[in-house]
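Student: sequence first, predicted model second:
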Amino acid sequence: MTQDIDQLAINTIRTLSMDAVQKANSGHPGTPMSLAPVAYELWQNHLRYDPANPVWPNRDRFVLSAGHASMLLYSMIFLAGVRKVDENYNVTDEPACSLGEIESFRQLHSRTPGHPEYRWTTGVETTTGPLGQGVGTSVGMAMASKWLGAHYGTELFDFDTYAIAGDGCLQEGISHEAASLAGHLKLDNLCWIFDNNHISIDGDTALAFSDDVLSRFEGYGWNVLRVGDANDASLLGRAFNEFKAESGRPTLIVVDSHIGWGSPNKQDTESAHGEPLGEEEIELTKEAYGWPKDAKFLVPDGVRERFDEVIGKRGAEAHSAWVDTFNSYKQDKPELAGELEMMQLRGLPDGWDTGLPSFDADEEKGLATRKASNKVQNAIAERVPWLIAGSCDLTDSTSVRLSDADQYEPGSYDGRQVHFGIREHAAAAACNGMSTAKLRPLWSTYLTFSDYGRAAIRLSALMELPVVHLFTHDSIGLGEDGPTHQPIEQLMALRAMPHLDVIRPADANEVTEAWKIALGRTHCPVAMVMTRQTVPVFDRSKYASAEGVQRGGYVLADPEDGDPELILIATGSEVQLALGAHEQLKGEIRTRVVSLPCWEIFEQQDQSYRDEVLPPEIVARVSVEEGSTLGWERYVGTEGAIMGMSTFGQSAPFADVEAEFGFTVDNVAKVAREVAERTAAKSTT
């Protein structure tokens, strides 16, 4: 134990990681062992971060995109003394990650899960694990820093974002999309560190990966640097300084490393990647480090103090200077300062929803819900300046253009209109990154292409980030583009995702209510699903108020005389078919029409309300939705009928396509009659 204090600290990171993985009998020790010098150099000498206030808005962001190496991050959080932040954004005196938590690595309810989880462990800036997601999200963080600096001043916001990526991250398609976008936007505040160790789970990466990574990133317009030895602190420091001096290009630092560094028998092998080293190999490795071979979870004297005197001291000074700057800013620009304080708590300005549009009845000409959404979105944008809107090359097609907004583009980062290009996966991930910086982002594409962004949508739900995922062209009703563009299974696939509210409004006034829900969310993403084609704007003096959307589902229409005998349940554009059948069946069958735009919110209502909308004694039910029938059983029961899609669509004008598959008023009425007749017959036997 005669090594200098910095080497002692690096080896502490390594041995804590080895011991934690071994005790859990599960995990990935090799990368923390090889990258400990990289993380140490970055955190101690370059990262602008205050462990005593880890939610300081202008802190640099550190993303471990190679999330399987989670013990590297947990060791840094523990040794740096990062404090825990509670659910109200208050910094506590409790450590974010104690030594006890490290000893409980991968155990139930510990703050050290197998992969880093945002919101679960303070100091984790984004959930990682699915490879490539971290680098994708880091682009959004860098975009947010540029926007905040352009909008509120670089004296308040100029943070950098660092992300450690492995071979797997760079093989995933999202890394190509994200790197291309970052290069185009010239995000010179973004630094990816590529752990070039040539090892993946199956073995040497040469089995499947022979990219010229340096040339690839140079082609994207990145500044590419190389450090030939992960243990060379001086070269690492020079590379980080070159990144900070770079202007107009993001930076990739390729770091050559040896996975499982120091392990006599497992260094540079796939077995060091995804399994414990074993007690015997750990003892040999500790001997190679000059470490007591029998010591477990050892933190030598002086190591934590070393972190305190370097990153702790530097971070506290930088944070204190920022607070002084912000206090002066509050004196000079109180309104903008108030916006910032509100934004950091995910608040919204008073009265943000008072001026939202209300739409007059128009059952003939109608209005596409995507068009109505654009009107509502623009009204919100006037009152919520940190609402950022983007699309994947479909700005007007998905109707997300902000009428008075500038473009977000290289050198002009105060714009609120983002062109993500045809990069759905990167767009969703970037919006996650912007949301972690407390902006209110939305991105958009056609519903069928939600599949391309699904992994990032899932992470927004897992992290409980209030991102708006806005999808249009939501059914076979889009028509001529045909089955490649007509979504069938996507609605149900999104509904299957926990913590994601999927809202499919039926008309323009339901759209307004849907936006109230979406912006009111502080810890839940929303998938907004809109029509391409026009749909009627219902006469609310004749039918129920659209405010029922706030409860997920509501009774839109009831029979004029007596209790209902049959319930027609629909979402989106198909609600008009249910209403048409309701009118056609008057005097024949007493029907109720239920608009059910959001299953998730409806299921959160108390049982009495759900039974009030869908009385259990009424078993004659028909659901109408131009998508997969899966899941509708819960609402129609065993006696009802599900009108949906069991095949892909067709290419033709939308009215012809809908007629081909039975989505007409006449056919809905026909199916309703059949259900009513069948259930009536059963009730008499």
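Tutor: Okay, I see it. Numbers count the residues shown, from 1 in each chain.
Student: can you give me the neighbour number for Tyr587?
Tutor: To be clear, residue 587 is Gly; Tyr isn't right here. Gly587 is flanked by 9 other residues according to other CB atoms under 10 Å. For every residue, glycine as well, the C-beta is placed using N, CA and C.
Student: low-scoring stretches of the protein, by residue?
Tutor: Per-residue confidence for the chain (pLDDT under 70) gives these ranges: 1-2, 685.
Student: center of it - which residue?
Tutor: For the chain, the residue sitting closest to the mean C-alpha position, by CA atoms, centre = their mean, is Ser460 at 2.4 Å.
Student: confirm that that residue sits in a helix.
Tutor: Yes. Looking at Ser460 with DSSP: H, G, I helix; E, B strand; the rest coil, it is inside a helix.
Student: which residues does it contact?
Tutor: Ala428, Cys431, Asn432, Ser435, Val467, His469, Leu500, Pro525 (CB atoms under 8 Å, 6 or more residues apart in numbering).
Student: is the first one in a helix, a strand, or coil?
Tutor: In three-state terms, and counting by three-state DSSP, Ala428 is helix.
Student: i'd like the first residue to be 6 from this point on
Tutor: In the new count, where the first residue is 6, that last one comes out as Ala433.
Student: and it, how many neighbours?
Tutor: 32.
Student: same deal with the second one?
Tutor: Counted with other CB under 10 Å, residues neighbouring Cys436 total 32.
Student: now the element after the helix or strand where it lies, going C-ward?
Tutor: Using DSSP states H and E, Cys436 sits within helix 429-441. Of the helices and strands lying after helix 429-441 in sequence (DSSP H and E), the nearest is strand 445-451.
Student: re the thing from before, now do the helix holding Cys436 against strand 445-451, angle only.
Tutor: Counting by axes from the mean of the first three to the mean of the last three CA atoms, to 10 degrees, helix 429-441 lies at 170 degrees to strand 445-451.
Student: I'd like to know which elements helix 429-441 is packed against.
Tutor: Counting contacts by 3 or more CB pairs under 8 Å, 6 or more residues apart in numbering; DSSP states H and E, helix 429-441 is packed against helix 138-157, helix 178-190, strand 392-396, strand 445-451, helix 459-468.
Student: try it again with 7 Å
Tutor: Packing contacts for helix 429-441, counted by 3 or more CB pairs under 7 Å, 6 or more residues apart in numbering; DSSP states H and E, involve helix 138-157, helix 178-190, strand 445-451, helix 459-468.
Student: in TSV, list those along with distance to Val580.
Tutor: Listed next are the helices and strands packed on helix 429-441 as TSV, based on distance: least, CB to CB, whole Å:
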stretch	distance to Val580
helix 138-157	35
helix 178-190	36
strand 445-451	21
helix 459-468	25
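Student: pretty sure Ser185 sits against Gly226.
Tutor: No. Contact criterion CB atoms under 7 Å: Ser185 and Gly226 do not qualify, at 8.7 Å.
Student: returning to what we had before: nearest to Lys380, of the contacts of Ser465?
Tutor: Set against Lys380, the nearest of the contacts of Ser465 by CB to CB is His474 (19.5 Å).
Student: next helix or strand past the helix or strand hosting the closest one?
Tutor: Assigned by DSSP H and E, His474 belongs to strand 473-477. Remark: after strand 473-477, the chain's next helix or strand is helix 495-500, criterion DSSP H and E.
Student: what's the first helix or strand after that next one?
Tutor: strand 506-508.
Student: ok now that following strand, how far from the chain's centre?
Tutor: In terms of CA atoms, centre = their mean, to the nearest Å, the centre of strand 506-508 is found 15 Å from the chain centre.
Student: one more: stretch 356-365?
Tutor: Centre-to-centre, stretch 356-365 and its host chain are 28 Å apart (CA atoms, centre = their mean).
Student: same question for stretch 257-265.
Tutor: Per CA atoms, centre = their mean, the centroid offset for stretch 257-265 relative to its chain is 28 Å.
Student: spatially, what comes nearest to Lys521 if we skip its sequence neighbours?
Tutor: Asp358 (5.4 Å; CB to CB, 6 or more residues apart in numbering).
Student: I'd assumed Ala523 was in contact with the one you found.
Tutor: No. Asp358 lies out of contact with Ala523 (CB under 7 Å); the separation is 10.9 Å.
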